[in-house]
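Chemist: I'll drop the sequence and a predicted model, then ask my questions.
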Amino acid sequence: MRDPAQDVREAVRVDRSINVRDAHSPAGSRICARPKGAALVAWHDDLRYARGTRRPRLLWAAGQAHEQAMERNACSKRRGFMSTRADALPLASGAVARSKPSLLRPDALRGIGLMCIAVCLFSAIDITAKYLVTTSGLPTLQVVWIRFLGQFAAIVLAFGLFSVPRLLKTAKPTQQAVRSLLLLASTILNFFAIRTLRLDQAVTVSFLAPLTVALLAGPVLGEWVGWRRLVAIGVGFAGVLVAVRPGTASFDPAFLFAFGTVFAYAGFQLITRYLAAYDPPEVTLFWSLLAGVIAMAPFALADWVAPASTDVWLLFACLGLFATLGHGIFILAFRNADAGTLAPFIYVSLVSHVAGGYFVFGQVPDAWTLGGAAIIIGSGLYILWRERVRAQETAREKLIQEKLHT
């Protein structure tokens, strides 16, 4: 008796241009259709009703517009073979998976809301630190150590003391250590900067970090940017010159600490990208706190100033709480929305820093700072848009190449 699958194979070989749509009919049929509607090959695989019998038959039908539209949107991620329970049917061409929206709109809105909350919590860290080093008169290094110690204690409590050995296991210990030191350096420089600068000035300079990452990603990670993004990066740095106004009487040397923060944090972000392929997020998060807890302990304890009131101890606790909640909510935001959707909302920190500076310290941003911030934010948003366009073009080219090779 002739093998039923052989009939189907011969029908497919009649024309190699047949594309396959893995669409199940109510009876469980798999339908292979010519794009222009010249022929349909129906593969009846009704296991529930025919007890495993497969009855191939060749159906001829006129091509219809709705069938062609369905064919263009047809999907299957499997290429080269479409397997059945008993035997495999070689396909004349690979099928393309139907692209479904990876993100529901309510999830995206939830992710955006979580990102805004996380950004406000990160701003609260700077506001609290500035209050401690200026109003309370505490040493900056002591405040830095308390910030890392509080988050470290919260992480250990969250994962459990017995999970520490697991969190210390990393495939790249050297890179993790360097990343931890860079985070420590950026925190120290940032706290020294905000001790003198207004909060809106410090956060405006910090907006250079994404531009610096895009600029350094080429030589470090091989992720080169095009000329349009290079121009946008140059415009962003020009915006910093507008905000900082070097060479004028209003220039504060504390801006140098802010620039150091940008470059240290950019290096931190680049190593984070590299480590994402080797270690889970909780390991990377745990390692990022080690340098701050261990390396800063001798300096903080040597110059320790006892808090004068219970309010200061409460602010110590808030430093760790804001950092822990901020990072946790930040991770939850990326579980609800993609990076391209969330990245522009990083700039909400300008609003939160301005609000904190005004209500806590009575600081009002000047027109130069706001103008420079607008230029930097515009450059950053343009770079994000160009990255999304390039990603779409790359995905389109890859899809065309796959179809040409099938």
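Modeler: Structure received.
Chemist: For Glu282, the count of nearby residues, please.
Modeler: Applying other C-beta atoms under 10 Å, we find 15 residues neighbouring Glu282. Yep, even glycine has a C-beta here, placed from its N, CA and C like the rest.
Chemist: Leu168 is in contact with that one, correct?
Modeler: No. Using C-beta atoms under 8 Å as the test, Glu282 is too far from Leu168 to be in contact (11.2 Å).
Chemist: does Val364 count as helix, strand or coil?
Modeler: Put simply, Val364 is coil when judged by DSSP: H, G, I helix; E, B strand; the rest coil.
Chemist: can you pull the contacts of it?
Modeler: Listed by C-beta atoms under 8 Å, 6 or more residues apart in numbering, the contact set of Val364 reads 357-358.
Chemist: And the one 3 residues further on, by the same measure?
Modeler: Not one residue lies near Ala367 by C-beta under 8 Å, 6+ apart.
Chemist: I'd like to know how far it sits from Leu114.
Modeler: 33 Å (C-beta to C-beta, to the nearest Å).
Chemist: cool, Gly160 as well?
Modeler: 25 Å.
Chemist: Between those two, which is the more surrounded one?
Modeler: Leu114 (22 against 10).
Chemist: and the more buried one, what helix or strand is that in?
Modeler: helix 105-130 (DSSP states H and E).
Chemist: for Ala185, same thing?
Modeler: If you go by DSSP H and E, Ala185 is part of helix 173-196.
Chemist: roughly how far out does that helix sit from the chain middle?
Modeler: Taking C-alpha atoms, centre = their mean, to the nearest Å, one finds the center of helix 173-196 at 21 Å from the center of the full chain.
Chemist: What of stretch 116-129?
Modeler: Centroid separation for stretch 116-129 versus its chain: 19 Å, with C-alpha atoms, centre = their mean.
Chemist: same check, this time on stretch 331-343
Modeler: Counting by C-alpha atoms, centre = their mean, stretch 331-343 comes out at 6 Å from the chain centroid.
Chemist: before we move on, what about stretch 129-147?
Modeler: For stretch 129-147, the distance to the chain centre is 31 Å (C-alpha atoms, centre = their mean).
Chemist: Pull out the buried positions in it.
Modeler: 129-133, 138-147 (16 or more other C-beta atoms under 10 Å).
Chemist: Same question for stretch 254-270.
Modeler: 254-255, 257-270.
Chemist: Filter those residues down to just the ones in helices.
Modeler: 255, 257-270 (DSSP state H).
Chemist: from those, which is closest to Arg195?
Modeler: Phe257 (8.6 Å; C-beta to C-beta).
Chemist: Now that that closest one has come up, it's in contact with Leu189, right?
Modeler: Yes. Assessed by C-beta under 8 Å, Phe257 is found in contact with Leu189 at 4.7 Å.
Chemist: For the closest residue to Ser180 other than its chain neighbours, list the residues it contacts.
Modeler: Distances taken as C-beta to C-beta, 6 or more residues apart in numbering put Ala291 closest to Ser180, at 3.8 Å, once the chain neighbours are dropped. Residues in contact with Ala291 (C-beta under 8 Å, 6+ apart) are 177, 180-181, 183-184.
Chemist: Need those residues in JSON lines (columns: distance to Ser349, neighbour count and pLDDT).
Modeler: As requested, the contacts of Ala291 are exported to JSON lines (distance: C-beta to C-beta, whole Å; neighbours: other C-beta atoms under 10 Å; pLDDT from 0 to 100):
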{"residue": "Ala177", "distance to Ser349": "28", "neighbour count": "14", "pLDDT": "94"}
{"residue": "Ser180", "distance to Ser349": "23", "neighbour count": "24", "pLDDT": "95"}
{"residue": "Leu181", "distance to Ser349": "24", "neighbour count": "18", "pLDDT": "96"}
{"residue": "Leu183", "distance to Ser349": "17", "neighbour count": "24", "pLDDT": "94"}
{"residue": "Leu184", "distance to Ser349": "21", "neighbour count": "24", "pLDDT": "95"}
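Chemist: residues in contact with the residue nearest to Gly267 when sequence neighbours are not counted?
Modeler: Leaving aside its sequence neighbours, Gly267 sits nearest to Leu182 (C-beta to C-beta, 6+ apart; 4.8 Å). By C-beta under 8 Å, 6+ apart, the contact set of Leu182 is 264-265, 267-268, 271.
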